[in-house]
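Enquirer: 3D model of this:
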Amino acid sequence: MLTKTFAKDDLLHQLIDSAIKFSPEASRVGYTVDYAKNMAKVSKNAIFNALSLLSSYNYGTNFSAINNQSGMPGNTAFTKAQTGYYSFGVGLQLPISQLITRKSLLRANEALVKANTSEQQKINLLVKQEVIRLYQDLKLSYKLISLSSKNKQGAEVNYSMAEKNFILGQNNTMEISSIQDILNKASMELETNINRFQTNFLQLEAYTGTDLSSLIKQQK
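Expert: Predicted coordinates for the structure are as follows:
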C-alpha cells in the first residue's frame, strides 16, 4: 500500500492543502488579508459617502413685450401678464483636504492588502516546504526499513549457518561471535528505522491535521 502511494505522490498534494488550512499562522495571515480588503472597501465607500449633494432652484417672473397692433411707431407696450421661468442645478462637493486624506487612506489600505497577501503567500510557501520535508523523511525512513529488514534477514541466515558450522566444529567462538555482532547491529538498525518511520508519520499527521492512515487507504 505505502509503496504504491509513495510512487505517485498524490498524497503529498493533499497533505499540503490540509496543512495550509490547518496552520494557525496561515489562518492568522488569511484573516489579516480579509480585514485589509474590507478596510480598503470601507475607505473607498467613505469617499462617496462624504460627497455633499448641492442643489439650486430658482423661480422668477418677467414681462412680455408686444407690438402695438395699430402700427403706429413708438407704441410698443408691455403686457401686465407675467410668465414664469425655472432654474434647477445639481452638483457634488467635497472639501479638497478631506478628498486628499481619504484618497491617501484608500491607497494605504490597498498597499496593506498587497503586503498581507504577499505575507500569506510566504507563509503558504513555508508550510508547503515543511510538508515536503516531512513527507520526504517519511518516504526515506520507509525505504530504510525495507533495506534494513533485508540486511537483518541476511544476517540471520549467516548466523544460522555459523551455528551449524560451530556445532560441526568448522567455526570457532570468535567467528560466531563476530557474525552474531553483525546480526545484532542489523536488528538495531531495523528497530531504529522503524522508530524513525513512526516518528515521521506522527509528525506529518500533527503538522497537517490529518488522519494519515485513512488518507493512505483512500489512495488508488
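Enquirer: which residues in this structure form strands?
Expert: Using DSSP state E, the strands found in the chain span residues 52-66, 77-93.
Enquirer: now the top helix by length along the chain: how far from the chain's centre is it?
Expert: If you go by DSSP state H, the chain has its longest helix at helix 96-167. How far helix 96-167 lies from its chain's middle: 16 Å, per C-alpha atoms, centre = their mean, to the nearest Å.
Enquirer: tell me what that helix is packed against?
Expert: Helices and strands touching helix 96-167, as assessed by 3 or more C-beta pairs under 8 Å, 6 or more residues apart in numbering; DSSP states H and E, comprise helix 2-8, helix 10-22, helix 24-49, helix 173-208. For glycine as for every other residue, the C-beta is placed from the backbone atoms N, C-alpha and C.
Enquirer: I'd like to know the average pLDDT value across the longest one.
Expert: By that I understand helix 173-208. The pLDDT scores in helix 173-208 average 93.
Enquirer: same question, stretch 131-145
Expert: The average pLDDT within stretch 131-145 is 95.
Enquirer: mind showing which ranges of this protein have poor pLDDT?
Expert: Residue ranges of the chain with pLDDT under 70: 43-103, 105-106.
Enquirer: Mind doing that once more with 50?
Expert: Applying pLDDT under 50 to the chain flags residues 51-70, 76-94.
Enquirer: How about the contacts made by the closest residue to residue 173 other than its chain neighbours?
Expert: Leaving aside its chain neighbours, residue 173 sits nearest to residue 166 (7.8 Å; criterion: C-beta to C-beta, 6 or more residues apart in numbering). Residues near residue 166 by C-beta atoms under 8 Å, 6 or more residues apart in numbering: 172-173, 175-176.
Enquirer: What separation do you get for the residue lying closest to residue 205 once chain neighbours are set aside and residue 5?
Expert: In space, and not counting its chain neighbours, residue 205 is closest to residue 212: 4.7 Å by C-beta to C-beta, 6+ apart. Look at residue 212 and residue 5: by C-beta to C-beta, to the nearest Å, they are 10 Å apart.
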